[in-house]
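> Predicted model follows, preceded by the sequence.
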Amino acid sequence: MESLDNKGLSRRSFLKGTGAGMGILASSMPSLAFENVFNNHNGAVATGQLKNAGLLEQTQTNSLFTQLTTALNFKQSKGEKVLVVLGQVSTQAFPHSVDHKLVSACLAHLLEKGCNSQDIAIAYHAPNTLASNSPLVRAIAPPEEDSRLHKAQLVNVANSDAWLTVEMPKSLPKVKILEQAQSADHIIFLDQLTDKHGSINCPLKGLAKVLFDSQSFSKYSNQYEDLFNMNEIHNAISKKVRLLAYNTSRFIAKSNGSDVQIHHVHPGMLAISNDVKSHQLFAENYLHSVLNTTPESKYSAQELTWFQSGASRDPMTIAHIEKTIRKSGASLSKLELV
């Protein structure tokens with residue numbers, strides 16, 4: 001894919017000018033425009049710079065979430081069901097758990113676009129159900145004057161018995177998937193950049209932990225990618241995964257020896273991808289760019305389009321990430337959102 005280093009070009013002009021030539025950006029072919037293909041080879045990521053804005057951070061996150069999902073052409077129609085899957089969840093707040101501001105921004109965006117609260121389900125996996133005063137639950141609970149989310153369903157799948165059996169090809173064991181995943185039209189995955197050990201969170205593992213019954217999934221020996229790419233699971237789950245997002249303002253990083261520490265980044269970055277492979281590619285290269293280490297993964301067959309919002313606020317970091325992505329073997333095209 002030819003590199004597009006357009007500066008200050010509007011998304012509309014870009015789409016108009018490159019149209020069918022970009023394939024995944026073909027506005028003249030809306031049925032193909034960012035239609036999710038699980039683990040595809042021409043995905044996209046949209047990022048925005050998050051300033052340390054104090055009380056305004058939620059407003060800033062809301063605005064960026066809307067801008068970036070619009071760039072990725074995510075749409076849902078009235079009456080369609082949305083399942084929001086939370087990856088890393090614990091009793092501790094961000095960065096030990098998914099950023100509650102990101103969860104709130106996602107829900108606010110869905111409501112703003114006309115999604116009914118009864119059509120939203122939020123699922124996570126944790127040993128204990130989150131307390132009502134935890135940051136994540138408080139982010140999901142609406143203000144008293146806004147009753148639209150009162151009926152949104154919050155599910156800890158560790159305590160759920162709502163599983164549906166998917167018949168697999170002959171000789172393979174059956175798989176039980178979350179009922180809400182089967183009925184959803186769209187799945188959105190919100191996670192944290194790294195786990196408690198400072199390692200990159202694997203989106204496939206995070207999705208599997210919530211969407212599959214652990215007992216039936218264990219029969220596949222944790223073969224995440226193979227299982228998600230099987231036709232039966234692709235139709236039930238994989239093709240519905242529209243967005244994957246994380247906030248990099250704070251994350252847990254490895255330090256000397258086996259120790260870990262919370263790493264702060266200013267300005268941080270909100271990153272949203274439209275497929276799993278792009279999500280993983282960008283996360284790995286972002287982390288190694290910030291920590292100045294060398295990524296191990298190679299993406300020689302991958303093409304990535306990077307929509308950049310607020311890149312001028314931290315041009316050195318942006319340039320370093322671009323360099324790291326290209327060194328990984330991926331073909332990078334970029335566009336500044338204005």
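Now that the structure is in, tell me what you want to look at.
> what about the helices in the stretch 1-150 of the chain?
Counting by DSSP state H, counting those that start in this stretch, one finds helices in the stretch 1-150 of the chain at the ranges 11-18, 57-71, 100-112, 135-140.
> Is it possible to get JSON lines of the ones you listed that adds distance to S309?
C-beta coordinates here come from the backbone N, C-alpha and C atoms, glycine included. Formatted as JSON lines, the entries for the helices of the stretch 1-150 of the chain read as follows, by distance: least, Cβ to Cβ, whole Å:
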{"stretch": "helix 11-18", "distance to S309": "10"}
{"stretch": "helix 57-71", "distance to S309": "6"}
{"stretch": "helix 100-112", "distance to S309": "14"}
{"stretch": "helix 135-140", "distance to S309": "22"}
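> Would you convert these into JSON lines that also reports distance to G48 and mean neighbour count?
Written out in JSON lines, the entries for the helices of the stretch 1-150 of the chain read as follows (distance: least, Cβ to Cβ, whole Å; neighbours: other Cβ atoms under 10 Å):
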{"stretch": "helix 11-18", "distance to G48": "13", "mean neighbour count": "15"}
{"stretch": "helix 57-71", "distance to G48": "4", "mean neighbour count": "19"}
{"stretch": "helix 100-112", "distance to G48": "11", "mean neighbour count": "22"}
{"stretch": "helix 135-140", "distance to G48": "19", "mean neighbour count": "19"}
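> Ok, which of those comes nearest I200?
Between I200 and the helices of the stretch 1-150 of the chain, the shortest gap by Cβ to Cβ is with helix 100-112, which sits at 17.4 Å.
> any idea of the mean pLDDT in that closest one?
Mean per-residue pLDDT for helix 100-112: 93.
> what angle sits between that helix and helix 57-71?
Relative orientation of helix 100-112 and helix 57-71, computed by axes from the mean of the first three to the mean of the last three Cα atoms, to 10 degrees: 60 degrees.
> and helix 100-112, what does it pack onto?
Helices and strands touching helix 100-112, by 3 or more Cβ pairs under 8 Å, 6 or more residues apart in numbering; DSSP states H and E, are helix 57-71, strand 82-86, strand 120-124, helix 135-140, strand 186-190, strand 241-247.
> Touching the fourth one from outside, list them.
Counting by Cβ atoms under 8 Å, 6 or more residues apart in numbering, the neighbours of helix 135-140 from elsewhere in the structure are 86, 89, 93-94, 97-98, 100-101, 103-104, 107, 122, 124, 130-132, 149, 152, 154.
> Quick check on those: which are buried?
If you count burial by 16 or more other Cβ atoms under 10 Å, the buried members of the contacts of helix 135-140 come out as 86, 89, 94, 97-98, 100-101, 103-104, 107, 122, 124, 130, 149, 152, 154.
> Quick check: E167 touching E232?
Yes - between E167 and E232 there is a contact at 7.0 Å, judged by Cβ atoms under 8 Å.
> Near K219, how many residues? Count them for me, please.
Under the neighbour criterion other Cβ atoms under 10 Å, K219 is assigned a count of 12.
> oh sorry, the question was meant for G310
Counted with other Cβ under 10 Å, the burial measure for G310 works out to 19 neighbours.
> Please give me every residue in contact with it.
Residues 48-49, 267 are the ones in contact with G310 under the rule Cβ under 8 Å, 6+ apart.
> Closest one of the residues you listed to L291?
Nearest to L291 among the contacts of G310, with distances taken as Cβ to Cβ, is P267, at 16.7 Å.
> sorry, back to before: and of the helices of the stretch 1-150 of the chain, who's closest to L291?
Of all those, helix 100-112 sits nearest to L291, with 21.6 Å by Cβ to Cβ.
> what's S214 sitting at in phi/psi?
With angles defined as degrees, to the nearest 10, S214 sits at phi -60, psi -40.
> Which pLDDT value goes with it?
S214 is assigned 90 on the pLDDT scale.
> ok, now L4?
Note for L4: predicted pLDDT of 35.
> same thing with P30?
With respect to pLDDT, P30 has a value of 30.
> Check the one 5 residues further on too.
In this prediction, E35 carries a pLDDT score of 43.
> and what of Q153?
Listed pLDDT for Q153 reads 84.
> Let's have the helices and strands packed on helix 100-112 in CSV, adding distance to G198 and mean pLDDT.
Written out in CSV, the entries for the helices and strands packed on helix 100-112 read as follows (distance: least, Cβ to Cβ, whole Å; pLDDT from 0 to 100):
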stretch, distance to G198, mean pLDDT
helix 57-71, 24, 94
strand 82-86, 20, 97
strand 120-124, 21, 95
helix 135-140, 21, 86
strand 186-190, 20, 97
strand 241-247, 15, 95
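> now the ones you listed as CSV including distance to V175?
Formatted as CSV, the helices and strands packed on helix 100-112 follow (distance: least, Cβ to Cβ, whole Å):
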stretch, distance to V175
helix 57-71, 30
strand 82-86, 17
strand 120-124, 17
helix 135-140, 28
strand 186-190, 16
strand 241-247, 16
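> Of all the ones you listed, which one is nearest A319?
Using Cβ to Cβ, these put helix 57-71 closest to A319, at 20.1 Å.
> So what's the residue count around T129?
Using other Cβ under 10 Å: T129 sits among 14 other residues.
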